[in-house]
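> Show me how the following folds:
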Amino acid sequence: MTTPSSFSFGSTLVLCVIFASLIALTTSNSLADLCIKCQSPKFCLQVFGLNPHRNPYELTLEAINLTFTNASDTTNKIHTFLDQTNNENLKEIYNYCLNYYESSIDILRDVEDHLLKQGIFDTLSTIGAFVQEVGSSCEDRFQEIADDVYVSTLTENNNNMRNFGSIIIVAGDLLSNSTSTNK
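Got it, this is the predicted structure:
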């Protein structure tokens, strides 16, 4: 025979399990909603991994941080290429790309403090579009030098920037439309 205290404990336990699974479903949808809307859902899932337990704010912040890291790594790579080449056209291309990448770093460095923490989410689409432009402009520059066409040594980095820009745009949109902006 069931006693009232054991029934209430069992009921509470079942309710807690149901509640926890509903929370897990809600947060896992944020990652799925983000990645399915991105330029490259596969890239999105690869960079975020399969940990679905992040809210839109956490996903947006992680996207900004990953983009910042990619831009910083690319800047270091460009400096290495500048040191290794004597070709004036390549130097011009690398300096052009370097300016773009350094600008993106300057912008991304302050996003959390100046935008996310203050709830200014609509600007993220502009930032994402600029990040995409960094990748596109740098990649295109390798083809724009008169009398010569150079094979880009930054294609992967530039593609990553375009993909990260897409993620930032979608993450900002999800964050703007979300009631879960927990920091």
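> quick one: Leu174 and Arg54 touch, right?
No. Counting by Cβ atoms under 8 Å, Leu174 does not reach Arg54; the two are 11.1 Å apart. Bear in mind the C-beta positions are built from the backbone N, C-alpha and C, glycine included.
> Tell me which of those two has more neighbours.
Higher neighbour count among Leu174 and Arg54: Leu174, with 23 against 19, using other Cβ atoms under 10 Å.
> Identify the residues contacting that one.
Neighbour list for Leu174: Ser30, Asp33, Leu34, Pro56, Leu59, Thr60 [criterion: Cβ atoms under 8 Å, 6 or more residues apart in numbering].
> which residues of this protein fall in helices?
Here the chain has its helices, by DSSP state H, at 4-37, 41-48, 56-84, 88-109, 111, 124-141, 155-176.
> Mind checking the ones you listed for the one nearest to Asp147?
helix 88-109 (8.7 Å; Cβ to Cβ).
> buried set for the closest one?
For helix 88-109, the neighbour count (16 or more other Cβ atoms under 10 Å) marks 90, 93-94, 96-98, 100-102, 104-105, 107-108 as buried.
> Output the residues you listed in CSV, with distance to Val149 and pLDDT appended to each entry.
Formatted as CSV, the buried residues of helix 88-109 follow (distance: Cβ to Cβ, whole Å; pLDDT from 0 to 100):
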residue, distance to Val149, pLDDT
Leu90, 12, 94
Ile93, 11, 96
Tyr94, 16, 97
Tyr96, 15, 98
Cys97, 16, 98
Leu98, 20, 99
Tyr100, 20, 98
Tyr101, 22, 99
Glu102, 25, 98
Ser104, 25, 98
Ile105, 28, 98
Ile107, 30, 95
Leu108, 31, 96
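> Count the neighbours of Val83 for me.
Wrong residue type there; residue 83 is Asp, not Val. Considering only other Cβ under 10 Å, Asp83 is surrounded by 8 other residues.
> Please report the confidence value the model assigns to it.
For Asp83, the model assigns a pLDDT of 98.
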